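Participant: mind looking at a prediction? Sequence and model below.
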Amino acid sequence: MTEAEHVAAIAALNDALRADPGARWMLTPGVRAMPFAKQAVAFALVSAFCVFNADNDPHGERDFRAFEADGQRLLWKIDYYDLDMTLASPDPADPAVTKRVLTLMLAEEY
């Protein structure tokens, strides 16, 4: 697999994670404290975002985004773990050895 194919595989898996309503998301205390309606807006914006480019995704993995939702600055980040969730994944392009976690946080919690 070329480097470009490897990055494209990671990006596709990250897109699938964001679109999957059953995916593993971690919410920081600040996000959990938001009213449910504001959380729902943030979730929808994360799931629907698809306008990645060199400015907002320099590595091409589609694994991070800063955005505004109802006047609140938020960030989301996807991390790659091994199957035991104790170490980094040996290959984020391989779903057989990777568990993905999307963390949604308020910008001030970063």
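Facilitator: Arrived safely, thanks for sending.
Participant: helices of the chain, residue ranges please.
Facilitator: According to DSSP state H, the chain carries its helices in the segments 3-19, 29-33, 36-48.
Participant: which one of those helices lies closest to residue 99?
Facilitator: Each of these was checked against residue 99 via CB to CB, and the shortest separation belongs to helix 3-19, namely 10.1 Å. Yep, even glycine has a C-beta here, placed from its N, CA and C like the rest.
Participant: give me the average confidence score over that closest one.
Facilitator: The average pLDDT within helix 3-19 is 97.
Participant: and it with helix 36-48, angle?
Facilitator: Computed with axes from the mean of the first three to the mean of the last three CA atoms, to 10 degrees, the direction of helix 3-19 lies at 150 degrees from that of helix 36-48.
Participant: dump stretch 34-43 to CSV, keeping only the CA atoms.
Facilitator: Taking C-alpha atoms only, stretch 34-43 is exported to CSV below (Å, rounded to 0.1, in the frame of the first residue of the first chain):
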residue,chain,number,x,y,z
MET,A,34,-24.3,21.6,27.4
PRO,A,35,-28.1,21.4,27.0
PHE,A,36,-29.1,18.3,25.0
ALA,A,37,-30.4,20.4,22.1
LYS,A,38,-27.0,22.1,21.7
GLN,A,39,-25.2,18.7,22.0
ALA,A,40,-27.5,17.5,19.2
VAL,A,41,-26.5,20.4,16.9
ALA,A,42,-22.8,19.7,17.6
PHE,A,43,-23.2,16.0,16.9
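Participant: dihedrals phi and psi, residue 70?
Facilitator: Residue 70 has phi and psi values of phi 50, psi 40 when expressed as degrees, to the nearest 10.
Participant: centroid residue for this structure?
Facilitator: Residue closest to the mean C-alpha point of the chain, counted by CA atoms, centre = their mean, is residue 78 at 3.6 Å.
Participant: list the contacts for residue 15?
Facilitator: Contacts here follow CB atoms under 8 Å, 6 or more residues apart in numbering; on that basis residue 15 touches 50, 62.
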